[in-house]
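A.B. asks: What follows is a predicted structure for the sequence shown.
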Amino acid sequence: MEDRELLRQFVEQNSQSAFREVVKRHTNWVYAVCRRRLQDATLAEDATQAVFFALARKASSLTSQKTISPWLFQAAKFSTDNLRRSALRRARHETKAAAMM
């Protein structure tokens, strides 16, 4: 079954098994993209999870696409960029707070 058919089942019938199948098909390579970009296993897991949360929210707009791989790749890039920015911002604040003490 194609990705779009699985997403359609998820959207129309709230089929958790269809969504689980999509996640199963794509998790490994999405994680690999996130891991390569972040160089940190824990952050890569968080980024991968964020990608699939976003997929669940956006599934209805993706049912016309034959494959969702390009969308997932872009989502992985956005997710890793957001996590990297958050980590840098947190480090700056922590440094500033430590300097104040």
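C.D. replies: Everything's here; your move.

A.B. asks: Centre-most residue in this protein?
C.D. replies: The geometric centre of the chain, computed from its C-alpha atoms, lies nearest to residue 51 (Cα atoms, centre = their mean), at 1.3 Å.

A.B. asks: and the residue nearest to residue 45 when sequence neighbours are not counted, helix, strand or coil?
C.D. replies: Residue nearest to residue 45 in three dimensions, not counting chain neighbours: residue 31, with 7.1 Å by Cβ to Cβ, 6 or more residues apart in numbering. Quick note: C-beta positions are derived from backbone N, CA and C, even for glycine. Secondary structure state of residue 31, per DSSP: H, G, I helix; E, B strand; the rest coil, is helix.

A.B. asks: Quick check: the gap between residue 31 and residue 54.
C.D. replies: 15 Å (Cβ to Cβ, to the nearest Å).

A.B. asks: what secondary structure does residue 21 sit in?
C.D. replies: Relying on three-state DSSP, one would call residue 21 helix.

A.B. asks: For it, give me its contacts.
C.D. replies: 1, 6 (Cβ atoms under 8 Å, 6 or more residues apart in numbering).

A.B. asks: re earlier: which stretch of helix or strand covers the residue nearest to the centre of the chain?
C.D. replies: Under the criterion of DSSP states H and E, residue 51 resides in helix 41-62.
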